[in-house]
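Enquirer: show me the folded form of this:
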Amino acid sequence: MRKMDRRTFLKGTGVAMALPFFENMGPLSAKAVGAAAKTSGTGSPMRMVCIGNPLGLMPDSFFPKGEGANYELSDLLRPIGRHRKDFTIFSNLDHDISGGHSAVHAFLSGIKDQDASDWPEGNISVDQRAAEFVGTRTRYSSLVMSTGDGDGDLKCKLSWTRNGVNVPPVTRARDLFKALFVQDDPRLLAKHKSAYDINESILDAVNSQAKMLSRQLGKADQEKLDEYLNSVRELERKLGMSREWLHKPKPKVDIGEPGEGDLTYTVPAFYDLLALALETDSTRVATLGVPGNVNTADLGLVGSYHGFSHHGKAEKLRQGLFVIEKFQVEQMGRFLDKLKTIKEPDGQSLLDRTMVLIGSGMGNGSSHSNKNLPLLLAGGGFKHGEHKVYPTENHKRVPLCNLYGSILQRFGLEIDQFNKGSGTLTGLETA
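Expert: Prediction:
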């Protein structure tokens, strides 16, 4: 059989869709296709929230003394001590990478963006893997947020698609409020509808040409084409469901549109909107970042967040950094308070059905270490209340992606491992 050129495409209305590699094109090198979207058939849906910053948390202020259930709360954890039985602290988990600031963006994936092509699912982050699973069952498959813009490596680059694209965050609480709760202008809705019409026309043309192409393929390649077309049909289904959201009214809430403010206004505003987004099932997956260039004057400090992180053990700088980090932990605790008071239709709290991860891809901002990352997991129906300490020996170290594998399984995905993980995390059990 004549070999087909690797550049073979299906074309429709001026747009081309690349085919998967077939045997008669040469060696197979296709990326894994994401799982179909679905939700739990019983009870309330599971949610996932990932919170991070690019500068980490001071290790000696964050990690507790002792392990197991009888650990001693650290200085940074004392402000959320009321939730002690609702969270777990992990020690000695990381991604076994280095690079300081330039490696922080791998926090939720385990893979640097420049290495994405070496992995079957690229450098997709744990939140976006979950978002693929949810699909269009919620208005937004995920919310990606940052309390400010950030610059360079001080930006919050938490979320990544399987194609190696960094998902840009919403950086203004006002814009987030409008996206969640303000009805779109009719002209904007018309533009969205037109875009869906174009996409569906493209897919119709692709399906037509694919039928003609199948006559040129052997049995094995026809099976691959069938798999490919199944993914196209899944995309068609998602487009149809996305179109439905154009005509569904957004939920009404009892808060007004937020304004603009400094750190102490913006961070609580984002958390309040995130809690409402989860409560109204506008999304089930979210990330929230605090960039490394926030205005510290709002906390009564003189100096930059980044500058304080380079404390070099100077006590005055450490004290300033502690103020910044304590504020972040306190606001996360306030968020947990809110989730705990919101009741689901099945009687569980929203915290019982929401996995909240807080941490960073930076283990020590002063030394630029990406080892032993600060990690706290709250809620989600896990057995909490412990400080879990994993081995430090190189040949025994546990990949952080094993924790992400456990989180994704709890979310509902039927997977054995995630990215660089070797499985799921031992010792983390459901309640």
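
Enquirer: drop to CA atoms for contacts and neighbour counts, all remaining ones
Expert: Noted.

Enquirer: does residue 85 touch residue 385 like I think?
Expert: Yes: counting by Cα atoms under 8 Å, residue 85 touches residue 385, with 4.1 Å between them.

Enquirer: these two: who's more crowded?
Expert: More crowded of residue 85 and residue 385, by other Cα atoms under 10 Å: residue 385, with 18 against 14.

Enquirer: dump the residue contacts of residue 428.
Expert: Listed by Cα atoms under 8 Å, 6 or more residues apart in numbering, the contact partners of residue 428 are 382-383, 406.

Enquirer: try it again with 10 Å
Expert: 88, 382-384, 386, 388, 403, 406-407 (Cα atoms under 10 Å, 6 or more residues apart in numbering).

Enquirer: so it: helix, strand or coil?
Expert: coil (DSSP: H, G, I helix; E, B strand; the rest coil).

Enquirer: now it: how far from residue 380?
Expert: 12 Å (Cα to Cα, to the nearest Å).

Enquirer: repeat for residue 367
Expert: Taken as Cα to Cα, the span from residue 367 to residue 380 is 33 Å.

Enquirer: compare those two (neighbour count), which wins?
Expert: Legend: neighbour count by other Cα under 10 Å for residue 367 and residue 380, higher for residue 380 (25 against 13).

Enquirer: residues contacting that one?
Expert: So residue 380 contacts 46-48, 86-87, 349-356, 407, 410-411, 430-431 (Cα under 10 Å, 6+ apart).

Enquirer: cool, and residue 182?
Expert: 175-176, 249-253, 257 are the contacts of residue 182 under Cα under 10 Å, 6+ apart.

Enquirer: give me that answer again for 7 Å
Expert: By Cα atoms under 7 Å, 6 or more residues apart in numbering, the contact list for residue 182 reads residue 250.

Enquirer: now the phi/psi pair for it, please.
Expert: Main-chain torsions, residue 182, degrees, to the nearest 10: phi -110, psi 130.

Enquirer: ok, now how distant is it from residue 268?
Expert: 20 Å.

Enquirer: now residue 166
Expert: Distance, residue 166 to residue 268, by Cα to Cα: 25 Å.

Enquirer: residue 294 now?
Expert: Where residue 268 is concerned, residue 294 sits at a distance of 14 Å (Cα to Cα).

Enquirer: same thing with residue 93?
Expert: To residue 268, residue 93 is 29 Å away according to Cα to Cα.

Enquirer: neighbour-wise, which of those two wins?
Expert: When residue 93 and residue 268 are compared on other Cα under 10 Å, the one with more neighbours turns out to be residue 93, at 24 against 18.

Enquirer: now residue 150: closest residue in space, sequence neighbours ignored.
Expert: Once flanking residues are discounted, residue 150 sits nearest to residue 291: 5.3 Å by Cα to Cα, 6 or more residues apart in numbering.

Enquirer: the one you found in helix, strand or coil?
Expert: At residue 291 the chain is in coil, as set by three-state DSSP.

Enquirer: isn't it right next to residue 157, touching?
Expert: No: here residue 291 lies out of contact with residue 157, judged by Cα atoms under 7 Å, at a distance of 9.2 Å.

Enquirer: of the two, which one has the most company?
Expert: Higher neighbour count among residue 291 and residue 157: residue 157, with 27 against 23, using other Cα under 10 Å.

Enquirer: surely that one touches residue 107?
Expert: No: in this structure, residue 157 is not within contact of residue 107 by Cα under 7 Å, at 8.8 Å.

Enquirer: show me the strands in the stretch 1-150 of the chain, by range?
Expert: Taking DSSP state E, counting those that start in this stretch as the test, the strands found in the stretch 1-150 of the chain are 9-12, 15-18, 47-52, 87-91, 143-146.

Enquirer: likewise for the stretch 201-350 of the chain?
Expert: Under DSSP E, counting those that start in this stretch, the stretch 201-350 of the chain gives strands at 285-289.

Enquirer: where does it dip in pLDDT?
Expert: Along the stretch 201-350 of the chain, the parts satisfying pLDDT under 70 run over 201-217, 219-220, 222-243.

Enquirer: go again using 90 as the cut-off
Expert: Along the stretch 201-350 of the chain, segments meeting pLDDT under 90 span 201-250, 254-255, 260, 295, 345-346.

Enquirer: now the helices: where do they sit in it?
Expert: 219-246, 263-279, 305-309, 315-341 (DSSP state H, counting those that start in this stretch).

Enquirer: what packs against the shortest one?
Expert: With contacts defined as 3 or more Cα pairs under 7 Å, 6 or more residues apart in numbering; DSSP states H and E, the secondary structure elements packing on helix 305-309 are helix 315-341.

Enquirer: buried residues in the helix it packs on, which are they?
Expert: Residues 317-318, 320-322, 324-336, 338-340 are the ones in helix 315-341 that count as buried (16 or more other Cα atoms under 10 Å).

Enquirer: how about stretch 116-125?
Expert: 116, 121-125.

Enquirer: equivalent analysis for stretch 85-94, please.
Expert: In stretch 85-94, counting by 16+ other Cα under 10 Å, buried: 86-94.

Enquirer: what's the span of it, first residue to last?
Expert: Rule used - Cα to Cα; the end-to-end distance of stretch 85-94 is 24 Å.

Enquirer: contacting residues around that stretch?
Expert: With Cα under 7 Å, 6+ apart, stretch 85-94 has contacts from 371-373, 375-379, 384-392, 398-400.

Enquirer: give me the most central residue, this structure.
Expert: residue 127 (2.6 Å; Cα atoms, centre = their mean).

Enquirer: low-confidence stretches in the stretch 1-150 of the chain?
Expert: In the stretch 1-150 of the chain, residues with pLDDT under 90: 1-44, 135-136, 149-150.

Enquirer: can you give me the helices in it?
Expert: Using DSSP H, counting those that start in this stretch, helices in the stretch 1-150 of the chain cover 59-62, 126-134.

Enquirer: and among those, the most buried is which?
Expert: Among those, ranked by average contacts under mean count of other Cα atoms under 10 Å, first place goes to helix 126-134 (a mean of 24).
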